[in-house]
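# Just a sequence and a predicted model for now, questions to come.
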Amino acid sequence: PHKPEIFLLCDISGSVASFARFTLQLVYAMQSQFSQVRSFVFIDDCDEVTDLFDTDDLGQALARINTEANVVWIDGHSDYGHAFARFEEQYGDSVSSKTSLIVTGDARNNYHASEDGVIADLAHRARHVYWLNPEPRAYWDTGDSIVSEYGVHIDGVFEVRKKPDVAAMRRYTSATSI
């Protein structure tokens, strides 16, 4: 069987900084298991950081992401819609039926436009799209959270905290693999 391509699109804003660090460490460890792993980070703009992981020093890679990644467009407050539109514009042609896209973040969009059509288009081209959200499910779609606007277009949205919803993850992944 072919190894799937994994694209990680990771919110690194302050509200999810610890979770972003964990996610990037996980991707770093997974790189040898897949034919291609590409990593992208965003706040209100998006940048590819795949090449920054070409090192044996994960700490150095993470430090370089914090200082070199071009993730601020206007003010450095999360704008998922703009970041997703920039991802589509710059890297969208690389998303194919071999691609599993994993989005990580809390979907707190600071009341900006969601641009959920971008996620719908990516989901149409990708093999799978999953969203890992570090916030408790009870907080989803409260305040400036718009996770459901994206969730309707993708294969699954999962709360990823200390105690994962294993039953929900099995429902979405039992019939297919990443």
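Sure thing, it's come through. Numbering: from 1, shown residues only.
# Can you tell me the centre-most residue of this protein?
The centroid of the chain falls nearest to V103 when counting by C-alpha atoms, centre = their mean (2.1 Å).
# Need the three-state assignment for it.
Following DSSP: H, G, I helix; E, B strand; the rest coil, the label given to V103 is strand.
# Show me what it is bridged to.
As for beta bridges, V103 partners with L9, W131 under DSSP bridges.
# What of the one 5 residues further on?
Listed by DSSP bridges, the beta-bridge partners for R108 are S145.
# Neighbours of it, how many?
Per other C-beta atoms under 10 Å, the neighbour tally for R108 reads 22. All C-beta atoms are positioned from the backbone trio N, CA, C, and that covers glycine.
# Give me the distance between it and G143.
7 Å (C-beta to C-beta, to the nearest Å).
# what's the overlap in contacts for the two?
Shared contacts of R108 and G143 (C-beta atoms under 8 Å, 6 or more residues apart in numbering): none.
# Am I right that the residue nearest to the centre of the chain is in contact with H128?
No: using C-beta atoms under 8 Å, V103 makes no contact with H128, being 11.2 Å away.
# Quick one: residues contacting the residue nearest to the centre of the chain.
9-11, 119, 129-132, 150, 154.
# Let me see the ranges of the strands in this structure.
Remark: strands assigned in the chain by DSSP state E are 5-11, 36-42, 46-48, 99-104, 128-133, 156-159.
# CSV please, covering those strands and showing mean pLDDT and distance to L58.
Putting the strands of the chain into CSV (pLDDT from 0 to 100; distance: least, C-beta to C-beta, whole Å) gives the following:
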stretch, mean pLDDT, distance to L58
strand 5-11, 92, 15
strand 36-42, 91, 12
strand 46-48, 91, 18
strand 99-104, 95, 17
strand 128-133, 96, 19
strand 156-159, 96, 24
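# Can you give me the pLDDT of K162?
We have a pLDDT of 59 for K162.
# Can you get me the start-to-end distance on stretch 65-82?
End-to-end distance for stretch 65-82: 20 Å, by C-alpha to C-alpha, to the nearest Å.
# Report the rounded mean pLDDT for it.
The average pLDDT within stretch 65-82 is 82.
# Name the residues of it that come out as buried.
Neighbour-count burial for stretch 65-82, counted by 16 or more other C-beta atoms under 10 Å, picks out 65, 69, 71, 73, 77-82.
# Need the contact partners of it.
With contact meaning C-beta under 8 Å, 6+ apart, stretch 65-82 is reached by 11-13, 15, 24, 41-47, 49, 52, 83, 86, 105, 107-110, 112-116, 118, 146, 150.
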